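Colleague: Sharing a model that was predicted from the sequence below.
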Amino acid sequence: MSSSLFTTPIVKLQGVSSKKAEELHALGISSVGGLIEHYPFRYEDYRIRELSEVKDGEKITVQGTIAAMPSLQRYGGKSRLICRITVDGMLLTAVWFNRAFLQEQLTPGRDIIVSGKWEQRRRHITVADSEFPDRGASKSGTLQPVYSIGGTITQAYIRKAIDKALTQFGALIPEILPAEIVSKHGLIPRREAIMRIHRPENSHEGQEARRRMVYEELFLFQLKLQAYRATHHKQQVGIVHPVNNDDIRGFVGTLPFSLTDSQKQVINEILHDMKQPFMMNRLLQGDVGAGKTVVAAVALFATVKAGHQGALMVPTEILAEQHARSLGKMFEPLGITVGLLTGSMTDRKRRDILASLQMGLLDILVGTHALIQEDVYFRSLGLVVTDEQHRFGVNQRSILRRKGMSPDVLTMTATPIPRTLAITVFGDMDVSTLRERPRGRLPIRTFWVKHEMMDRVLGFIRKEAEAGRQTFFICPLIEESEKLDVQNAIDLHMQLHQSLPELSVGLLHGRMSAAEKEQTMGAFAAGATNVLVSTTVIEVGVDVPNATLMIIMDADRFGLSQLHQLRGRVGRGAHQSYCILIADPKSENGQERMKAMTDTDDGFEISRRDLELRGPGEFFGTKQSGMPEFRLANLLNDFAVLEQAREDAAELTATESFWSAQSYQPLRDYLQREAGEQSEPLD
Ligand code: ADP
Ligand code: MG
């Protein structure tokens, strides 16, 4: 039954010629089922309203009586038809343009319904549509669906065609959702929902219909993902890591702090995956400063304890060096060796590292993405961790697979993407979220100031320095010109050097040699410099807990997520931290970003606003990001439904009966139909 509507060709509908069928086909509609699922993208409101509720300039539909003979004016090839009508005892003027033929139908005393723009002052309606109740008004009082159309297919034509399809075949529309889910969420039946979407009687019914169909759309989407996982995921045989809890506890005991509950929880999720004979594919998301590194360290520890090697891949050399340093500190006392591999190393050093890696003398390798792309051979690679995933364009999993390796993969990001979006975008990844920051952290206080306040900003830097704290000063960003960014940094460094002679001011930018960068960063991390002037090379990952002041010059040049990342370089210790955004109130868009920054330092809220400001397409960079397009659902507003649908789909696909019971046949048919249409499922 369910597929029969999809195999019934559109010409089977009364009044659809083969010529029109072809044009419908061009709109992606080839079957009666397809036509029925061609939903309107909005509605034209012809509901009759009281004049008193309508504001000036709004579109209204009113019912009245023709009060006098109309008058017709012609000018050029055009015409204007004017007629007085009474509505609710009020006399108003209706005006039609270029509808002279209506003149003889406008007889005094006859009832009429007119829709159009209301001009309150002149009590005037510019009529877009009119109907006579004595002829059976059909639009009036309704919401009329508006469909996407093209070619010679007009709104009127497609409305009629869909209407016919519903009348002729509506009774055959099958339910697709399992009965238990329909009743669990109090959804209206599918047939009714589809009918109402095309012919909404009132807005409440329209909403119920939409709720049902949005749920269905998101549920089917999730079902596709989950079913794909259930059938493919498990075939990806991975490494079994036997994990000894005492070992883990012992390692955690060597850390200078105790883990937060949130850290413990995500570590459990990760270790659970690592024990399984399947390839782990998990995303760890947590706001800047939430403490992701130590989670990665525990996972790396577990792989080494199980006799394998671990790799930690990061987007910048500065970050690679920092991680190598801090992991070294944690692991070397335990006899676990940590190496560093970056693009700017000497050949000799590189050869040494690669040799000890291949021989298994090196347990953990930290580096930029060259790490897994080039001729790097591990003796036994057990785990790859990618930090700041959003900075990598490539999908490292497919690279690894091409190299014939199947290590567990842990991906970390602080973008941070609202969890539900992460689920959609990363498709078949499992997601862990660090929800809390380490205890005792104070919210970062953020200020937005104008350039004229530079003197006070300098005073602030001095004050922090006197208290023993340090400052990052970020230079303006010149889009696509690293050279100008560098020049800006050099100029600003010079300026601060002169204005703050008593302080030591460092300089960091992308054109410095690796050794210079390391030295500058090292001096700042050790507290030897008070202020670090830098380009965005320190945007991600850099961790200097004693730094408490982040100043961003020309902050309106930066995107919202980027600003939040930069701000995340402070507030990493127990001291009160501050972020100062220097930006003039110019562009409107810039204002929204500054406002969002001063309103909140919650990364999830920031990314929600960023998404709102930029829209999903740009937010995720490219169209290739795999953001699915939905017909009715809107990811910004339908988050909660997506979460629910995901849970339901996961629960269902985990049952045996889903794959065999008769009652799930419509869903299995759906999956089969989809599999036929999609060449390659999500990677
Ligand atoms: P991010 O999630 O941004 O990568 P990091 O892992 O760099 O954050 O951690 C930020 C800072 O917080 C580091 O200095 C780290 O040592 C510290 N930290 C991490 N976890 C804890 C904890 N449980 N208690 C106290 N400090 C912690
Ligand atoms: Mg980090």
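Modeller: Received it, and whenever you're ready, just let me know what you need. Ligands and ions are numbered 1, 2, ... in the order given.

Colleague: Only C-alpha atoms from now on, for both contacts and neighbour counts.
Modeller: Will do.

Colleague: What are the boundaries of the strands in the stretch 51-200 of the chain?
Modeller: Secondary structure of the stretch 51-200 of the chain, counting by DSSP state E, counting those that start in this stretch: strands at 59-66, 71-75, 78-87, 90-97, 111-119, 124-131, 143-146.

Colleague: Looking at the ones you listed, spot the one closest to ligand 1.
Modeller: Minimum separation from ligand 1 across those (Cα to the nearest ligand atom) falls at strand 143-146, 47.3 Å.

Colleague: Just give the strands next to the closest one in its sheet, each with its orientation.
Modeller: Using DSSP bridges, the strands paired with strand 143-146 in its sheet are strand 42-45 (antiparallel).

Colleague: Pipe the strands of the stretch 51-200 of the chain into JSON lines and attach mean pLDDT per row.
Modeller: Converted to JSON lines, those look like this (pLDDT from 0 to 100):
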{"stretch": "strand 59-66", "mean pLDDT": "91"}
{"stretch": "strand 71-75", "mean pLDDT": "93"}
{"stretch": "strand 78-87", "mean pLDDT": "94"}
{"stretch": "strand 90-97", "mean pLDDT": "94"}
{"stretch": "strand 111-119", "mean pLDDT": "92"}
{"stretch": "strand 124-131", "mean pLDDT": "92"}
{"stretch": "strand 143-146", "mean pLDDT": "86"}
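
Colleague: For Lys19, find the nearest of these.
Modeller: strand 143-146 (22.3 Å; Cα to Cα).

Colleague: what about that closest one, distance to the chain center?
Modeller: Put simply, strand 143-146 sits 30 Å off its chain's centre (Cα atoms, centre = their mean, to the nearest Å).

Colleague: Mind exporting the C-alpha coordinates of it to PDB?
Modeller: Listed in PDB are the C-alpha atoms of strand 143-146, where the atom choice follows Å, rounded to 0.1, in the frame of the first residue of the first chain:
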ATOM      1  CA  LEU A 143      -5.600  29.800   4.600                       C
ATOM      2  CA  GLN A 144      -4.600  29.200   1.000                       C
ATOM      3  CA  PRO A 145      -1.500  27.100   0.500                       C
ATOM      4  CA  VAL A 146       1.400  28.600  -1.500                       C
END
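
Colleague: What are the buried residues along that strand?
Modeller: Judged by neighbour count using 16 or more other Cα atoms under 10 Å, the buried positions of strand 143-146 are 143-146.

Colleague: can I assume Ile222 is in contact with Ala649?
Modeller: You called it Ile, but residue 222 is Gln. Yes. Under the criterion of Cα atoms under 8 Å, Gln222 lies in contact with Ala649, with a separation of 6.1 Å.

Colleague: Between the two, which is the more surrounded one?
Modeller: Regarding Gln222 and Ala649, a neighbour count based on other Cα atoms under 10 Å identifies Gln222 as having more, with 25 against 22.

Colleague: which residues touch the more buried one?
Modeller: With contact set as Cα atoms under 8 Å, 6 or more residues apart in numbering, Gln222 has these partners: 645-646, 649-650.

Colleague: any idea how far the nearest residue to Ser663 once chain neighbours are set aside is from ligand 1?
Modeller: Nearest in space to Ser663, with sequence neighbours left out and distances taken as Cα to Cα, 6 or more residues apart in numbering, is Pro178 at 7.1 Å. To ligand 1, Pro178 is 41 Å away according to Cα to the nearest ligand atom, to the nearest Å.

Colleague: Quick check: pLDDT value at Pro178.
Modeller: The predicted local distance difference test score for Pro178 is 93.

Colleague: Kindly report the same for the one 3 residues further on.
Modeller: What the model reports for Ile181 is a pLDDT of 95.

Colleague: what number of residues lie near it?
Modeller: Here the count is done by other Cα under 10 Å, and Ile181 has 14 residues near it.

Colleague: and it, what does it touch?
Modeller: Contacts of Ile181 were listed using Cα under 8 Å, 6+ apart, and they are Asp648.

Colleague: C-terminal to the lowest-mean-pLDDT helix or strand in the chain, what's the next element?
Modeller: When each helix and strand of the chain is scored by mean pLDDT, DSSP states H and E, helix 419-425 comes last, with a mean of 59. Next along the chain after helix 419-425, taking DSSP states H and E as the criterion, comes strand 430-434.

Colleague: Which single residue in the stretch 551-683 of the chain comes nearest to ligand 1?
Modeller: Counting by Cα to the nearest ligand atom, the stretch 551-683 of the chain gets nearest ligand 1 through Arg572, at 5.0 Å.
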